[in-house]
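Give me coordinates for this.
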Amino acid sequence: QVQLIQSGGGLVQAGGSLRLSCAASGRTLSSHGVAWFRQAPGQEREFVAGIDWRDDGTLYSDSVKRRFTISRDSTKNTVYLQMNNLRREDTAVYYCATGADVPVSPDAADYWGQGTQVTVSS
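Predicted coordinates:
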């Protein structure tokens, strides 16, 4: 049974930083693609960042490029999302997800974390 357990998130002022964690059991993240998605109220779930298991190549949406960093710690079977210079429009529920390759759309993910709220205040 695969489980993705998320931690981190919370309330932060604009310009601040947060780090999200996604720890896996039942699946080795270093041999699967991992991505972070987010969903704001009334919006569709959107891709934020992904990391490829083959070469640790990373991919980011234009809206978070140069502000967010996705990384992996294989010894802990955990993927992180470091979020810097947060903006109000980053407010959403964030989800980690995994698939055979980097899931760049929700349909491509086969397992999901439970979601964590990130709220950025002005």
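
which residues of this protein score low on pLDDT?
The model of the chain has no residue with pLDDT under 70.

tell me the centre residue of this structure?
W36 (2.5 Å; Cα atoms, centre = their mean).

That residue contacts S21, correct?
No. Under the criterion of Cβ atoms under 8 Å, W36 is not in contact with S21, lying 10.8 Å apart. Using the backbone N, CA and C atoms, a C-beta is placed for each residue, glycine as well.

any residues in contact with both of those two?
Listed as contacting both W36 and S21 by Cβ atoms under 8 Å, 6 or more residues apart in numbering are V79.

Against S122, how distant is the residue nearest to the centre of the chain?
According to Cβ to Cβ, to the nearest Å, W36 and S122 sit 23 Å apart.

ok, the nearest residue to I51 once chain neighbours are set aside - contacts?
The shortest distance from I51 to any residue other than its chain neighbours is 4.9 Å, reached at I70 (Cβ to Cβ, 6 or more residues apart in numbering). Listed by Cβ under 8 Å, 6+ apart, the contact set of I70 reads 34, 36, 49-51, 58, 60, 79-82.

check which helix or strand covers I70.
Element membership of I70, judged by DSSP states H and E, is strand 68-73.

Moving along the chain from that strand, name the first helix or strand you hit.
Immediately after strand 68-73, counting by DSSP H and E, sits strand 78-83.

buried set for the helix or strand following that following strand?
Remark: after strand 78-83, the chain's next helix or strand is strand 92-99, criterion DSSP H and E. The neighbour-count check on strand 92-99 (16 or more other Cβ atoms under 10 Å) flags 92-99 as buried.

same thing with stretch 73-90?
77-81, 83, 86, 90.

would a markdown table of these with distance to G15 be doable?
Below are the buried residues of stretch 73-90 laid out as a markdown table (distance: Cβ to Cβ, whole Å):
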| residue | distance to G15 |
| --- | --- |
| N77 | 32 |
| T78 | 26 |
| V79 | 25 |
| Y80 | 20 |
| L81 | 17 |
| M83 | 11 |
| L86 | 7 |
| D90 | 11 |
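
Give the residue farthest from the middle of the protein.
Most peripheral residue of the chain (Cα atoms, centre = their mean): S122, 22.7 Å.

ok so, going back, looking at the contacts of I70, spot the one nearest A109.
Closest approach between these and A109, by Cβ to Cβ: V34, at 9.3 Å.
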